[in-house]
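> just need the structure, nothing else, for what follows:
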Amino acid sequence: MGVPCLILIYRESWCLALSAGAGRIGVKKMAVLSGRRYSWLFIIWVIVGLVIAWTHTYITLFVIKIVLSALLAVFLWPLILIGVNLHIH
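Numbers count the residues shown, from 1 in each chain. This is a model prediction of the structure:
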């Protein structure tokens, strides 16, 4: 069971915290939810997979256009409601 702390300084995955119980300053490691880092092996795995899928025509220019159009529609949906065409041709 951890002691609640007040975060004073935050840098990367470490924070300088003031312990609420004893008033001491200590360094505690924090879990960074939005800044998860992937290993180089995973990144290389995905890049090689994309190249192999492209060379064996699992991924084509048509598929990329469809995916980009879908992503634009998801993130810019208010524009669709006012009549903007987000299809990539």
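> where does pLDDT dip in the chain?
1-36 (pLDDT under 70).
> would you map out the domains in it?
Using automatic domain parsing, the domain parsing of the chain gives 1-30, 61-89.
> and the host helix or strand of residue 42, what does it pack against?
Using DSSP states H and E, residue 42 maps to helix 40-55. Using 3 or more Cβ pairs under 8 Å, 6 or more residues apart in numbering; DSSP states H and E as the contact definition, helix 40-55 packs against no other helix or strand. Yep, even glycine has a C-beta here, placed from its N, CA and C like the rest.
> what's the next secondary structure element after that helix?
Following helix 40-55 toward the C-terminus (DSSP H and E): helix 61-75.
> excluding its backbone neighbours, what's nearest residue 65?
Distances taken as Cβ to Cβ, 6 or more residues apart in numbering put residue 88 closest to residue 65, at 4.7 Å, once the chain neighbours are dropped.
> quick one: what helix or strand has the one you found in it?
Going by DSSP H and E, residue 88 is not part of any helix or strand.
> apart from its chain neighbours, what residue comes closest to residue 73?
Spatial nearest neighbour of residue 73, chain neighbours left out: residue 86 (5.3 Å); criterion: Cβ to Cβ, 6+ apart.
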